[in-house]
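Asks: give the three-dimensional model of this entry:
(2 chains)
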Amino acid sequence: MDFSPTVTLDGARRLLVSFEGETSPPADGGDAPEGPEVQVAGRVMQFRMQGKSCFAHIEDDGERMQVWFKLDRIGEQPYAVVRLLDYGDIVGVRGRVMRTRTGEPTVVADAITLLVKALQAPPEKYHGLQDQETRYRKRHLDLLSSVEQRRHFAARTAVVRSLRRTLEARGFLEVETPILQPIPGGATARPFTTHWNALRTDVFLRIAIELHLKRLLVGGYRQVFEIGRVFRNEGLSPRHNPEFTMLEAYEAYSDYNGMRALTEALVVEAASALGPQPGAEQQGGAFPCEDPLRRSVAGRELVLTPPFRTVRMVDLVRDICGFDPVAEWDDLAGHARRLGVEVQTSDGPGATLFDIYEQRVESQLWDPTFVLDYPAEVSPLARHRSDDSRFVERFELIIAGRELANAFSELNDPIDQRRRFEEQARLRAAGDDEAFVVDEDFLEAIEMGMPPAGGLGLGVDRLVMVLTDSPSIRDVLLFPTMRPRHRDDETHSVAAHLSPSRRAEEA
RNA sequence: GCCCGGUUAGCUCAGUCUGGUCAGAGCAGGGGACUCUUAAUCCCUUUGUCACAGGUUCGAAUCCUGUACCGGGUACCA
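Replies: Next up, the predicted model:
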C-alpha cells in the first residue's frame, strides 16, 4: 500500500500547462497528447461511472483535479477497485496528465491505490452542509464539503500572521504568560474557575493578559506582546464566545497616542495582507473592489484608509445626544433618564456617561473611529488626564459599530493604582462580582517602578469578523463553544471517568 | 435569562395553516445499462423514534402543554 504523491494537484496542473507549452497541438481529430507521469492523492468528491470508464474528481488542500479511469488501460483488477469507490474515499493515483476533449486537465490513471475508505457518508454533494449546528459542531464536515470554508479559515491565519509581523517589525518581543491564575485581573469580567488538586486550591482562567505583561515592563523589556486565549464566563452571542483570542501589546515610554498609531498600522496591514475582498456583495456598484482597504461589511461599504477618525467621547456625546457632558457633569443621571439609557444604581457620573455613550453613540460609529478619553470611573488601569482627572488617557477603536481595540496610557503610579483597586474592592463588596480583586503581586511589581507605557488590547476574532465580513464570531472560530450536548447518563459517566484520577492525585 | 422561528431518511428539502392512501422527492446507498463525463444519464430498489415526553381525538408529522437542542433578536458582556 505504499504510495506517496509526487506533486500536488495544482502542481500536476502546472506540469500539464508547461508540457503543452513545449508541444505542438495534436493533428485534427487526434487525441490530446499525454504529458509526464505523476502520482497524486486526494479525496474522491464526485465520480461518474460509465461502465468501462469512470471520471472522478479528487480534492486535496483546496485543489481539485479530474481523474479518468479506463478499464482497458488500468486493467481488470485495479478497475474492480474503481467500481467499489465511494464518495469520501482517499485514493492515490499514478497516471499521466492530459486534457480531455472538453479541455479539462485530467490525470488518466495507470494505477490506483485506495489509501483510506470512508465509512461515513459525506454531506450532500450539491447543496453541501446547510445545517448551522452541524457545521459548528462537526467542522470537519463543513470544511470537507466547502473549499470556501477552508479559504475562509486560512484568512484568519493570515490576519494573525500579519499582526505578528507588524509587531515584530516594530521591535516587539512575543511572550507567553500564565493562563491559570490565582487572581484573575486586567479586565472587568467574571472568570471561569477550576481546581488545582495538588494544592487543593481554586485557580482561574485568565480574563486578560494585561497584568503579567506590565510586570515584564517592570522587568526591563521595552516592548512586549502576546496573542492568546482569554476566557470570560459570559453568555454566547454573535459577538461573544467564552474563549476568544486577544492581542495585547505594551510599550515603555509610549502612551495612548503611540498605541493609536500602532493600532491603525495593525488594522491596515492586516487588511492589506488579506488583499482585495473576494466576492463582496454588490452594493452601490463599489464591489468587488481592488483596494483591500475598501471592504464590504454586512452589505455596506467600510473604508479603512488611514488616518482613522479621532474624536473625544464627550464630543461624540455632545454631537449625538445634544448636551455637553462636561458642563452638565452633575446632571448626567437626568440626561440618561431623558434618553432612556439604563444605568446601574451604583453608577457615578463617569459610569453614567459611559452608559450613555455605549447605548446611544457607539453602535452608530461605522468607519474606523478612535474614541478618546474615557471616564476614570470605568478605567481602573489607565492614567488620568493631567488636565481633568475625571478622565483617563484611553481610547477604543470602533469599526462597523464593534469594539475592536482598547488602549491606554498605562497607570504606573502604585499609590494611585492601589487606591483604584480599593475602590474596585468596595464595588465588589457592594455586589459587583465583575469588579477587580486587589492583586498584591501586581502592586508590588509596579512599586519597583514601571516605566510610563502605552498598552493595547485588540480582539483578534472581531478583527477577523470585520475583515472577512462574518456576521457571527462562530464563523471565525474553527470550533466555536457550543452548549454541551449530553444525556443524563453521559453526564454521569463523564464524572465517573474523571473522579478516579482526581482521587489519585489528591491521595 | 427573555422574545420569535425552527427540528421530517446519511444529506438537501416538501408535507403542518385546513388532523384521515402523507411517510414523500432529489442526492447518497444497493442492483442493472453505458469507454470523453462535469450535480453525468437511463431502468429497478432499500432506508424514518416525523427532536423528546405527555395530552386532546375514533384517528396526530399536523392541534395543545412541557422539555431538549439550533438559529435570529435582546439582555449580561470595557
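
Asks: what helix or strand does A:Ala56 sit in?
Replies: Here A:Ala56 sits within strand A:53-60, counting by DSSP states H and E.

Asks: can you list the strands that that strand pairs with?
Replies: strand A:37-49 (antiparallel), strand A:63-70 (antiparallel) (DSSP bridges).

Asks: can you add distance to RNA strand B and mean pLDDT and give those strands back as TSV?
Replies: In this view, the C-beta of every residue, glycine as well, is placed from N, C-alpha and C. Below are the strands paired with strand A:53-60 laid out as TSV (distance: least, CB to the nearest atom of the strand, whole Å; pLDDT from 0 to 100):
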stretch	distance to RNA strand B	mean pLDDT
strand A:37-49	3	93
strand A:63-70	4	94
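
Asks: let me see the contact set for A:Ser53.
Replies: A:68-71 (CB atoms under 8 Å, 6 or more residues apart in numbering).

Asks: give me the buried entries from those.
Replies: Neighbour counting with 16 or more other CB atoms under 10 Å marks A:68-71 as buried within these.

Asks: near RNA strand B, which residues of the stretch 201-350 of chain A show up?
Replies: A:208, A:232, A:234-240, A:342 (CB under 7 Å from any atom of the strand).

Asks: now go through the residues you listed and say which are in strands.
Replies: Among those, no member is found in strands (DSSP state E).

Asks: what's the closest of the residues you listed to A:Asp439?
Replies: Proximity of these to A:Asp439 (CB to CB) peaks at A:Ala208, which lies at 11.5 Å.

Asks: count the neighbours of that closest one for me.
Replies: 22 (other CB atoms under 10 Å).

Asks: give me the three-state assignment for A:Thr245.
Replies: Under DSSP: H, G, I helix; E, B strand; the rest coil, A:Thr245 falls in the strand class.

Asks: against RNA strand B, how distant is it?
Replies: 15 Å (CB to the nearest atom of the strand, to the nearest Å).

Asks: are any of the residues of the stretch 201-350 of chain A next to RNA strand B buried, and which?
Replies: A:208, A:232, A:239.

Asks: for those residues, which one is nearest RNA strand B?
Replies: Distance to RNA strand B across these (CB to the nearest atom of the strand) is lowest for A:Arg232, with 5.7 Å.

Asks: I'd say A:Glu403 and A:Leu458 touch.
Replies: No: using CB atoms under 8 Å, A:Glu403 is not in contact with A:Leu458; the gap is 10.0 Å.

Asks: need the residues touching each of these two.
Replies: A:Leu397.

Asks: report the beta-bridge partners for A:Ile112.
Replies: A:Val93.

Asks: if we can go back for a sec, who has more neighbours, A:Glu403 and A:Leu458?
Replies: A:Leu458 (26 against 18).

Asks: got the residues of the stretch 351-500 of chain A near RNA strand B?
Replies: Residues of the stretch 351-500 of chain A lying near RNA strand B (CB under 7 Å from any atom of the strand): A:378-382, A:396, A:403, A:406, A:434, A:457, A:471-472, A:474, A:482-483, A:485.

Asks: what is the nearest of these to A:Phe55?
Replies: Distances from A:Phe55 to those, taken as CB to CB, are shortest for A:Arg474 (36.8 Å).

Asks: please tell me how far that closest one sits from A:Met465.
Replies: 10 Å (CB to CB, to the nearest Å).

Asks: which of these two has more neighbours?
Replies: A:Met465 (25 against 21).

Asks: host element of the more buried one?
Replies: With DSSP H and E as the criterion, A:Met465 is inside helix A:460-468.

Asks: so which helix or strand takes in the closest residue to A:Ala333 other than its chain neighbours?
Replies: In space, A:Ala333 comes closest to A:Thr352 once its chain neighbours are excluded; the distance is 5.6 Å by CB to CB, 6 or more residues apart in numbering. Element membership for A:Thr352 (DSSP H and E) is helix A:349-360.

Asks: if we can go back for a sec, of the contacts of A:Ser53, closest to A:Met313?
Replies: A:Trp68 (65.5 Å).

Asks: list the contacts for that closest one?
Replies: A:53-56, A:95, A:100, A:106-109.

Asks: which strand residues bridge the residue lying closest to it once chain neighbours are set aside?
Replies: Closest residue in space to A:Trp68, ignoring its immediate chain neighbours: A:Val108 at 4.7 Å, by CB to CB, 6+ apart. Beta-bridge pairing of A:Val108 under DSSP bridges involves A:Trp68, A:Arg96.

Asks: and A:Val108, how close does it get to A:Glu37?
Replies: 10 Å.

Asks: before I go, just wanted to say thanks for your time.
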